[in-house]
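**Q** Sequence first, predicted coordinates after that:
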Amino acid sequence: MAQWTATAKFPDQTNLPTLHEILSLIGIPFSKAAPANVCFLIAILSCFLVWVLLWRTRLGYEIRAFGHSDSAAEYAGISSSKIIIVTMMISGALAGLMAINNVMGEAERLVMNSAEGAGFIGIAVALMGRSHPFGVLLASILFGFLYQGGAELALWTSIPRELIVVIQALVILFTGALDNLVRIPLEKTFIYFRKGNA
């Protein structure tokens, strides 16, 4: 029998409030069985704040410029070391918020490898969301449904949980392929009609 490496369960006072508890304060019914907690609301707020940072501040402009071309950004006087350090600090803070959800919201204890595989899913979500905060929010909700739905299917049916990984891969494959299949012909069509009207 395999051992489960984990600490004792945290006291109830340290657990994150669930969406059931939060929404019941304003009279909205929500399932007690759902694992969603206050981190969902914090994640939505974080997406908005990242959007404000990237598209409404000078630092965001520097980050985007450095992301498009580091040599051009350095030529324009943007410090590469500053951008790298700041973006790594922001990324680390957001990753820490995700880990708080796993430890204090879901497991309610310290579990070894509780965030295993989250980095690879994060890369897939960022690619599918086109590295835009709103797109990442939509892609993460989709992947959350796929992950939770796969866990429910594996629990109540004979469908293997690995099938959800295949479905995630197909979603990434088709969204990446459809980008080139749809965007390029649309661009050529718009360019053709623009030249025709000129």
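**A** Nice, I can see it. Numbering: from 1, shown residues only.
**Q** counting contacts, what elements does the longest helix seen in the chain pack onto?
**A** Of all the segments of type helix in the chain, defined by DSSP state H, the longest one is helix 162-197. When contacts are defined as 3 or more Cβ pairs under 8 Å, 6 or more residues apart in numbering; DSSP states H and E, helix 162-197 packs onto helix 118-128, helix 133-156. In short, each C-beta sits where N, CA and C put it, glycine included.
**Q** tell me which residues in that helix are buried?
**A** Ile164, Gln168, Val171, Ile172, Thr175 (16 or more other Cβ atoms under 10 Å).
**Q** now do stretch 91-99
**A** Those buried within stretch 91-99 under the rule 16+ other Cβ under 10 Å are Met98.
**Q** Equivalent analysis for stretch 58-75, please.
**A** For stretch 58-75, by 16+ other Cβ under 10 Å, it's Glu62, Ile63, Ala65, Phe66, Ala73.
**Q** before we move on, what about stretch 111-125?
**A** Val111, Ile121, Gly122, Ala124, Val125.
**Q** Ok, stretch 146-153 next?
**A** Leu146, Tyr147, Gly150.
**Q** With respect to pLDDT, which of the residues you listed ranks lowest?
**A** pLDDT across the buried residues of stretch 146-153 is lowest for Gly150, at 73.
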